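Student: task: produce atomic coordinates for the following.
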Amino acid sequence: MQIEIHADSGALAKAAAAQGAEAIRAAVAAKGSAVVVLATGASQIAMLAELTRADLDWTKVTVFHLDEYVGLGIDHPASFRRYLQERFVDQVAGLKAFVAVDGDADDIAAEVARLNRLLAGATVDVCFAGIGENCHLAFNDPPADFAAEDPYIVVELDEACRRQQLGEGWFPTLEDVPRRAVSMSVCQIMKAQTIVLSVPDERKAEAVAQAVETEVSPAFPASILQRHPATTLHLDPASASRLKPGAA
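Tutor: Have a look, this model is predicted:
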């Protein structure tokens, strides 16, 4: 895992978007198309804004998204489908495809099977992600399942994860935060050719230290990225504040 500490969150967003855009550009040049995974949440807003301004041929790019709440309609302010539609899909010209997770599908098992068929056999060129306050990766909360091989799985959200969503202002009360989600599995995330992590803010500092400095463990899901050959962790001074000297 490569660690880059930037002057502030704005510089972090610019650097992460530029790195991801270059990887997308290289994939399109090499094989004529690219597959990208996008994350959501407060940590990704500035990076996505920078990415939409990148000089890329979006007509050759297919986007999957990382996770979505079970039972939440696209009209809800916290819907990740809505988030990506408004902040990314509507902002770029002629995107080849956006494969959305239909979290309020009548048959969630069938929806997961549909997604798994679409992603099976595809090479993800770039996965943009963050790290949760509980060190989760996507919605793989601790203890994460490092063995599940399906591209997408249904997961239970722990209280720390749900409190993060409440704290970020997506829901009015903790009881309103869904208890289940469809998440890209850890195994699938690890298959991405390049992983670009955008992790600003002091509230992520402890999780960053766990991801970087602990032994790889399901108790700290993002620690698995220590084993990925092409992961870059983009931090600002606040999110890097609990790293030991020399960690970066």
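Student: roughly how far does D158 sit from D107?
Tutor: Distance of D158 to D107, computed by Cβ to Cβ, to the nearest Å: 25 Å. (C-beta placed from N, C-alpha, C; glycine too.)
Student: which helix runs longest in the protein?
Tutor: Selection of the longest helix in the chain by residue count, based on DSSP state H, yields helix 9-31.
Student: higher neighbour count, D158 and D107?
Tutor: D158 (17 against 10; other Cβ atoms under 10 Å).
Student: in the longest helix of the chain, which residues are buried?
Tutor: Using 16 or more other Cβ atoms under 10 Å as the test for burial, helix 9-31 gives 9, 12-17, 19-21, 23-24, 27-28.
Student: list the neighbouring strands of the following helix or strand past it plus their orientation.
Tutor: Remark: after helix 9-31, the chain's next helix or strand is strand 34-38, criterion DSSP states H and E. Paired neighbours of strand 34-38 in the sheet (DSSP bridges): strand 61-65 (parallel), strand 126-129 (parallel).
Student: now the last one - C-alpha only, PDB.
Tutor: Included here for strand 126-129 are C-alpha records, laid out as PDB according to Å, rounded to 0.1, in the frame of the first residue of the first chain:
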ATOM      1  CA  VAL A 126     -10.000   1.100 -11.100                       C
ATOM      2  CA  CYS A 127     -11.800   0.900  -7.800                       C
ATOM      3  CA  PHE A 128     -12.300   4.200  -6.000                       C
ATOM      4  CA  ALA A 129     -13.100   3.700  -2.300                       C
END
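Student: I'd like the next helix or strand past that strand.
Tutor: Assignment by DSSP H and E places the next element after strand 126-129 at strand 152-156.
Student: buried residues in that following strand?
Tutor: The neighbour-count check on strand 152-156 (16+ other Cβ under 10 Å) flags 152-153, 155 as buried.
Student: please apply the same query to stretch 111-126.
Tutor: 111-112, 114-116, 119, 124-126.
Student: please report how far L51 lies from A147.
Tutor: From L51 to A147 the distance is 32 Å (Cβ to Cβ).
Student: who has more neighbours out of those two?
Tutor: L51 (26 against 9).
Student: who's in contact with that one?
Tutor: Residues near L51 by Cβ atoms under 8 Å, 6 or more residues apart in numbering: 17, 20-21, 88, 128.
Student: please identify which helix or strand holds it.
Tutor: helix 45-52.
Student: could you list the buried residues of that helix?
Tutor: Quick answer for helix 45-52 (16+ other Cβ under 10 Å): 46-48, 50-52.
Student: equivalent analysis for stretch 223-239, please.
Tutor: 223-225, 228, 231-236, 238-239.
Student: just stretch 89-98 next, same as before
Tutor: 89, 92, 95, 98.
Student: I figured the third one hits W58, correct?
Tutor: Yes - applying Cβ atoms under 8 Å, one finds L95 in contact with W58, separated by 4.8 Å.
Student: may I ask which helix or strand encompasses L118?
Tutor: Under the criterion of DSSP H and E, L118 resides in helix 108-119.
Student: rewinding a little: let's see the helix holding L51 as CSV, backbone CA atoms only.
Tutor: What follows is helix 45-52, C-alpha atoms only, in CSV (Å, rounded to 0.1, in the frame of the first residue of the first chain):
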residue,chain,number,x,y,z
ILE,A,45,-17.7,14.1,-2.9
ALA,A,46,-14.7,16.3,-3.7
MET,A,47,-12.8,13.5,-5.5
LEU,A,48,-15.8,12.7,-7.7
ALA,A,49,-16.2,16.4,-8.6
GLU,A,50,-12.6,16.4,-9.7
LEU,A,51,-13.0,13.2,-11.6
THR,A,52,-16.0,14.5,-13.6
